[in-house]
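J.: sequence first, predicted coordinates after that:
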Amino acid sequence: MKPFTLKILLSVGVILAALVWMMPTFYNIWPHKKINLGLDLQGGMHLVLEVQSVKAVETEVERTIQEIKRQLREDEVKHFGISRQNDNSILAKFEGEKDKSGFETLLSKYYKNLVIDSTELENNISTYILKLPGDEIDEIKKMASRQALETIRNRIDEFGVSEPDIRIQGENRILLQLPGIKDPERAKGLIGKTAQLTFQLVDDDADMAAAMNGSVPAGDEILYQEKQDTASGSTTKIPFLIQKRVLLDGSLLTNARVEFDQYQQPQVGIEFDRQGAKLFDRITGENIHKRLAIILDKTVYSAPVIQDRIAGGKAVITGNFTLNEAKDLAIALRAGSLPAPVTIIEERTVGPTLGADSIRMGIFSAIVGGLLVALFMAAYYKKAGLIADLALIVNIILIGGGLAAFQATLTLPGIAGIILTIGMAVDANVLIFERIREELRTGKTGLASIHAGFEKASLTILDANVTTLIAAAVLYQFGTGPIKGFAVTLSLGIIASLFTALVLSKLIFDILLMNKPSLKLSI
Amino acid sequence: MEFVKPDINIDFMGKQKIGFILSAVLILISIGSLIVHKGPNYGIDFAGGTLIQIKFSEQVAIDKIRDGITNIGLKDASIQKFGHDIDHEYLIRTGKSEMTSSGLSQSLSEAVKASTGIVPEIRRVEMVGPQVGEDLRNKALLAIFYTLLFITIYISARFENKFLISGVVAGSIMAVVYFLSVFNAGITVLIAAALVVSLIVFWIFKFKYAIGAIVALLHDVTITVGIFSIFNLDFSLPVIAALLTIIGYSLNDTIIVFDRIRENIKGSKPTDSLPIIFNRSINETLSRTILTSGTTLIVVFALYFLGGEIIHNFAFAMLVGIAVGTYSSIFVASPIVLAVEKK
């Protein structure tokens, strides 16, 4: 009798545990873990971003070139051009022995990491091709992805999304799951903004017209300011000839916030840290009456003439912002710039009303399907059918409890998995009942038939379910979001139906027949 | 209640010619349709592109929507009514995938508002870049491949009781896959090669049950994919999930018949011929086969008609797969085992 009592305790325990796990989904009580709803059910945005990590390498090479040029100036070494090639190598030219050895001293002192790919001497001009070593490039790329992840996480936190899921996927992809997001377009704009803020001088000495015709002076580039006409809505692009040298960038910011000018037009006020403030003070002092362009992501926002030295390290970015644009820019500047631009390579957004519809329709079809199957089982197998129906209800409770306990995510395909399980769960009972009927036909008593039926059907049931479990496991491994949800409910359903058919149904039969071994079965 | 009388004795094995002809015709039509349509009709999950589902508060003319989206350069986009008439919902699909951060849906919403005069509700946006589409396609194929591989190993181990040899089978399939992947063979080639190798190995070792099961699975998957191609339905991630479930389900059916065949062979009299044993086994399990397929079909029908438009293709694939899978356990898997056994 003992193992029997143990079985009862076990079964009741499992069912109670499942019920307890399921409760918080409907009432806010212990253990407080609700069934997670996937983005397709609660609404939200799924994004995969690709970090253009090559751009981070470009930036690093450019930075190195600027640094080399600065040090050469300090050492009074003249160069005949140092520039970045398309393959991210550095091309440097020097005339004469003195400048050449000056450059080589600098290299051996500060730039040991640079690999000299080739050197060439022609007409007293030495040409160097320098490269970053491969492992360093890999490291820069990896860092770019990691930094981008951190930055985006900060931006999302400031934007205010509850329970975002942000993680690196593969080498240079970032996966974002933003449940319940209200304004997906705005979030996308904020996430995708590189937010590289730089202060660069406008080259007012050069010939603008000639530059527009293609002869851009060395060390300059053409950048545009976008002006939107509020009346017609059309944008005009105003070109600026900007010196490539970056005097100050957004990395030294301590704060950025939305302010309003005297016309109540939103603008973004920024504050530099001590070092930044000192630099800003020096730059403005050295360049009085020149135009200092404030550039964000290669777009000129404004280029005011410096009237006087500006101490205190404060500046404003103006640019006909809407309030939300100004807010988002402030968030992006506070959270820091992305080390490299990102592109959205996959997006799946589900509006909250569609998610609610999906839940409603999913549950409705589950109820209809379940009721039809339950009615059928009761009609076909009479009282034994009712046992199968009870097993079916327990099955669904177990799936729900399992979802909550393992903190798995329920998705729309996941609901389909539950519905499918309803159809397939009765299979185990059908197999057993058919066997019992066969045994009864051979003239065995009810009890003997039940024992023989369960015994013969058990192995078949196991075999048959393992194959579906294999398919579900592979699906889980290879699937993304919603499909994983399907794999989870399908697996839970199979395991639950093994339990309900092999343990629970058997137990109920045993209890019913315990004291009346000669009872005529209703099957 | 009983649908199938206990003394039923249908001569399934005697009708295997009809079954083979029917299967051959279905498979030929499927492959033919796939050739005519130049492969499966990949949805945006696999082909890349953008899908936007919009809902209006009242009736709008499709032409008006088209005017709007033509204005933002989406001339080649397809517009399709979605769900019931009273919902005023539409699906807009384009092969383009907008890779910038500034979204397509914003401009689309404004353009449609301008052309129809009604602010649409954007209910769903799915954008898959071409690279992601290719990744997903490879992943899906790999998933089908691994499912078949693991199931093959499981059946050969379980049914032939030759664990060592099934290990050899698994090893040789893995070796072939590795060898081909060294040469950068496409995933389609990998899967085809792996299947051919496993069938050959099974043949050598006389793994009759495994051969029967695998052929039945290929039969089911081919016909389901073929029917999708004939009706020009989209192949999406959920459809792949449905295919894998069909593989599991169809095998479930097949195994139950096989189990009975094995049991009956063990307990058979010397006078019983193999076709008689096979027929008896199928007839004995027929009631169960019909009942389980019936209950599963009931719920999948419920899902198909009531589950909403998004899950429609998934439910359709399941409907086809369950029907074909049930048929194949009786008319494909078992006759093949019999044929190999007779040799």
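T.: Perfect, thanks for sending it.

J.: can you tell me the residue of the stretch 151-300 of chain A closest to chain B?
T.: Going by C-beta to the nearest C-beta, chain B is nearest to A:Gly192 of the stretch 151-300 of chain A, at 2.4 Å. All C-beta atoms are positioned from the backbone trio N, CA, C, and that covers glycine.

J.: just give me the neighbour total for that residue.
T.: Neighbour count of A:Gly192, defined by other C-beta atoms under 10 Å in any protein chain shown: 21.

J.: surely it touches A:Ala340?
T.: No - in this structure, A:Gly192 is not within contact of A:Ala340 by C-beta atoms under 8 Å, at 12.0 Å.

J.: A:Leu175 should be in a strand, yeah?
T.: Yes - A:Leu175 sits within a strand when classified using DSSP: H, G, I helix; E, B strand; the rest coil.

J.: show me what contacts it?
T.: Contacts here follow C-beta atoms under 8 Å, 6 or more residues apart in numbering or on different chains; on that basis A:Leu175 touches A:46-48, A:165-169.

J.: let me see the domain layout of chain A.
T.: A:2-38+A:351-513, A:55-133, A:197-349 (automatic domain parsing).

J.: need the winner for burial among these.
T.: domain A:2-38+A:351-513 (a mean of 20; mean count of other C-beta atoms under 10 Å in any protein chain shown).

J.: distance of B:Phe20 relative to chain A?
T.: Taking C-beta to the nearest C-beta, to the nearest Å as the measure, B:Phe20 falls 24 Å from chain A.

J.: what sits closest to that residue if chain neighbours are left out?
T.: Distances taken as C-beta to C-beta, 6 or more residues apart in numbering or on different chains place B:Pro335 nearest to B:Phe20, at 7.2 Å, with adjacent residues excluded.

J.: report all helices and strands that the longest helix along chain B contacts.
T.: For chain B, the helix with the greatest residue count under DSSP state H is helix B:274-306. Contact here means 3 or more C-beta pairs under 8 Å, 6 or more residues apart in numbering or on different chains; DSSP states H and E; on that basis helix B:274-306 packs against helix A:352-405, helix A:412-441, helix B:237-266, helix B:312-328, helix B:334-342.

J.: tell me the angle the shortest one makes with helix B:274-306.
T.: Per axes from the mean of the first three to the mean of the last three C-alpha atoms, to 10 degrees, the angle that helix B:334-342 makes with helix B:274-306 is 160 degrees.

J.: just want the most central residue of chain B.
T.: Nearest residue to the geometric centre of chain B (C-alpha atoms, centre = their mean): B:Leu243, 2.8 Å.

J.: which element is the nearest residue to that residue once chain neighbours are set aside on?
T.: Once flanking residues are discounted, B:Leu243 sits nearest to B:Val221: 5.9 Å by C-beta to C-beta, 6+ apart. Assigned by DSSP states H and E, B:Val221 belongs to helix B:208-230.

J.: which parts of that helix are buried?
T.: Residues of helix B:208-230 classed as buried: B:208-229 (neighbour count, 16 or more other C-beta atoms under 10 Å in any protein chain shown).

J.: and for stretch B:17-36?
T.: If you call a residue buried by 16+ other C-beta under 10 Å, then stretch B:17-36 has these buried ones: B:19, B:23, B:26, B:30, B:33-34.

J.: now, these that are in helices?
T.: B:19, B:23, B:26, B:30, B:33-34.

J.: circling back to that earlier point, wait, the residue nearest to the centre of chain B sits on B:Val225?
T.: Yes - using C-beta under 8 Å, B:Leu243 makes contact with B:Val225 at a distance of 7.5 Å.

J.: A:Lys237 is in contact with A:Tyr224, isn't it?
T.: Yes - counting by C-beta under 8 Å, A:Tyr224 is a contact partner of A:Lys237 at 4.4 Å.

J.: among the domains of chain A, single out whichever gets nearest to B:Asn252.
T.: domain A:2-38+A:351-513 (4.2 Å; C-beta to C-beta).

J.: got the phi and psi for the nearest residue to A:Gly276 once chain neighbours are set aside?
T.: Distances taken as C-beta to C-beta, 6+ apart place A:Leu252 nearest to A:Gly276, at 3.1 Å, with adjacent residues excluded. Note on A:Leu252: its backbone torsions stand at phi -100, psi 10 [degrees, to the nearest 10].

J.: low-confidence ranges, the chain, go.
T.: This is for chain A. For chain A, the stretches flagged by pLDDT under 70 are A:1-2, A:31-32, A:229-233, A:517-519.

J.: could you do chain B instead?
T.: Judged by pLDDT under 70, the stretches of chain B that qualify are B:98-103, B:161, B:181, B:184-187, B:343.

J.: I am finished for the moment; much appreciated.
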